[in-house]
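A.B. asks: Here's my sequence, what's the structure:
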Amino acid sequence: APGKGDPDESRESVLRPQRSRLSTFGRQQHISGSDPSGLSDDLMSNPEIDDKRYALVLAAGNSSRFKSPLPKVVHPLCGKPLIVHILERLRSLDLEKTFVVVGHSENVVKDAVADYNVDFVVQEEPLGTGHAVMSATPLLKQLSGSLLVISGDTPMIRLPTLEQLFETREIRRASCRERV
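C.D. replies: Predicted structure coming up:
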């Protein structure tokens, strides 16, 4: 049996399949059962999935590893800021709305995406990726449908991958809910 600090134990946690970052939001329902966390396998099916699709692009990073005063998402790749590559792919999807979380140098990011129809969410303090998503919670609670959370610095992601994420989530009627 793996003991405390055993390399096989830590490798196992790294190799565990990760859940999709797609989530259902807007519709809250009380779930009862024996699971003390309130979460159970039957949560993975939701008969009332709205067909509206949204994207939340994370663009609030400090760019500390780039050692640059510019936010990482505005660094150019093939003549365009990294975030623009993402927004162009998202534009090809039939989304109700795209939201961009900004923080560090928010005006620089806003200028870089000025030609795109996006709404902005400001992450006041740089407290990490999870906090960036939490910053959008008040806005997202008003909506229902599928949400794709994507990093603004992943310019090589392919459109079929994004389409497949939405389709898989909708076919399987999968849902993740935030507990407030």
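A.B. asks: only C-alpha atoms for contact and neighbour calcs from this point on.
C.D. replies: Noted.
A.B. asks: burial measure for the nearest residue in space to residue 66 that is not next to it in sequence, as a count.
C.D. replies: Spatially, and ignoring its direct neighbours in sequence, residue 66 is nearest to residue 72 (7.0 Å; CA to CA, 6 or more residues apart in numbering). Using other CA atoms under 10 Å, the number of residues around residue 72 comes to 23.
A.B. asks: All the helices of this structure, residue numbers only.
C.D. replies: Secondary structure of the chain by DSSP state H: the helices cover 7-15, 82-92, 106-112, 129-135, 137-140, 159-171.
A.B. asks: Can you list the buried residues in the second one?
C.D. replies: Within helix 82-92, the residues that qualify as buried are 82, 83, 84, 85, 86, 87, 89, 90, counting by 16 or more other CA atoms under 10 Å.
A.B. asks: In contact with the residue nearest to residue 66: list those residues for me.
C.D. replies: 61, 62, 63, 66, 82, 153 (CA atoms under 8 Å, 6 or more residues apart in numbering).
A.B. asks: can you rerun that using 10 Å?
C.D. replies: 59-66, 81-83, 109, 152-153 (CA atoms under 10 Å, 6 or more residues apart in numbering).
A.B. asks: Most neighbours among these, please name it.
C.D. replies: Most surrounded of the contacts of residue 72: other CA under 10 Å gives residue 59, at 31 neighbours.
A.B. asks: I figured that residue hits residue 149, correct?
C.D. replies: No. Residue 59 is beyond contact range of residue 149, at 11.1 Å (criterion: CA atoms under 10 Å).
A.B. asks: shared neighbours of the two, anything?
C.D. replies: With CA under 10 Å, 6+ apart as the test, residue 59 and residue 149 both reach residue 100.
A.B. asks: Include distance to residue 121 and mean pLDDT when you put the helices of the chain into TSV, please.
C.D. replies: Formatted as TSV, the helices of the chain follow (distance: least, CA to CA, whole Å; pLDDT from 0 to 100):
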stretch	distance to residue 121	mean pLDDT
helix 7-15	31	40
helix 82-92	15	96
helix 106-112	10	94
helix 129-135	7	90
helix 137-140	8	90
helix 159-171	22	89
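A.B. asks: Buried deepest among those helices, which one?
C.D. replies: helix 82-92 (a mean of 19; mean count of other CA atoms under 10 Å).
A.B. asks: elements contacting that helix?
C.D. replies: In this structure, helix 82-92 packs against strand 53-59, strand 76-77, strand 97-102, helix 106-112, strand 145-151, helix 159-171, with contacts taken as 3 or more CA pairs under 10 Å, 6 or more residues apart in numbering; DSSP states H and E.
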